[in-house]
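Visitor: structure for the following, please:
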Amino acid sequence: MATKDVKSFFHEWCQKNGSDPNFNVRPTGPKNRQRFLCEVRVPNVAYVGAGNSTNKKDAERNAARDFVNYLVRAGQISQSDVPSDDPASGSSGAGQSFGGNQSYGNASGGNDGPPSLMVMNPANVFKG
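Guide: Model prediction:
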């Protein structure tokens, strides 16, 4: 899939799988420091993607990113197919929870991105 942003990638995946994602955005926090929480659900998938930001658009993109990370962990898609969140690709970057052109894991299995966005190998989680 040759898409520029993760939300478009997510919508394409949903279309290919015959599903319509349901984004639910609601305001949180005080009015003077308001944030938006987005939850995204896909019929017949037992996972709820979540994202938040200072604006609705970025909260939706963050929720889509969370859901896509779940799909990678579940083996439904390959990490190499997932687009990076590069602000130079047309996104304003305002209110983003995560930065530009980041890699969320390297070829040697190390993690070089923010811990909240890591796609972890379950075999490496509980080493004795």
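
Visitor: make it CA atoms for all contacts and neighbour counts henceforth
Guide: OK.

Visitor: which helices and strands sit right next to the lengthiest helix in the chain?
Guide: Across the chain, the longest stretch assigned as helix under DSSP state H is helix 56-73. Applying 3 or more C-alpha pairs under 8 Å, 6 or more residues apart in numbering; DSSP states H and E, we find helix 56-73 packed against helix 6-16, strand 22-28, strand 35-41, strand 48-53.

Visitor: and the angle from that helix to strand 48-53?
Guide: On the basis of axes from the mean of the first three to the mean of the last three C-alpha atoms, to 10 degrees, helix 56-73 is oriented at 140 degrees to strand 48-53.

Visitor: using CSV, write out every CA atom in helix 56-73.
Guide: Taking Å, rounded to 0.1, in the frame of the first residue of the first chain, the C-alpha atoms of helix 56-73 are listed here in CSV:
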residue,chain,number,x,y,z
LYS,A,56,-9.5,16.0,16.8
LYS,A,57,-7.6,15.2,13.6
ASP,A,58,-4.4,14.2,15.4
ALA,A,59,-6.3,12.3,18.0
GLU,A,60,-7.9,10.2,15.2
ARG,A,61,-4.6,9.7,13.6
ASN,A,62,-3.1,8.6,16.9
ALA,A,63,-5.9,6.1,17.4
ALA,A,64,-5.4,4.7,13.9
ARG,A,65,-1.7,4.4,14.6
ASP,A,66,-2.5,2.5,17.8
PHE,A,67,-4.9,0.1,15.9
VAL,A,68,-2.3,-0.5,13.2
ASN,A,69,0.3,-1.3,15.8
TYR,A,70,-2.1,-3.9,17.2
LEU,A,71,-2.5,-5.4,13.7
VAL,A,72,1.3,-5.7,13.4
ARG,A,73,1.5,-7.4,16.8
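
Visitor: average pLDDT for that helix, rounded please.
Guide: Across helix 56-73, the average pLDDT comes to 97.

Visitor: for that helix, buried residues please.
Guide: Going by neighbour count (16 or more other C-alpha atoms under 10 Å), the buried part of helix 56-73 is 56-73.
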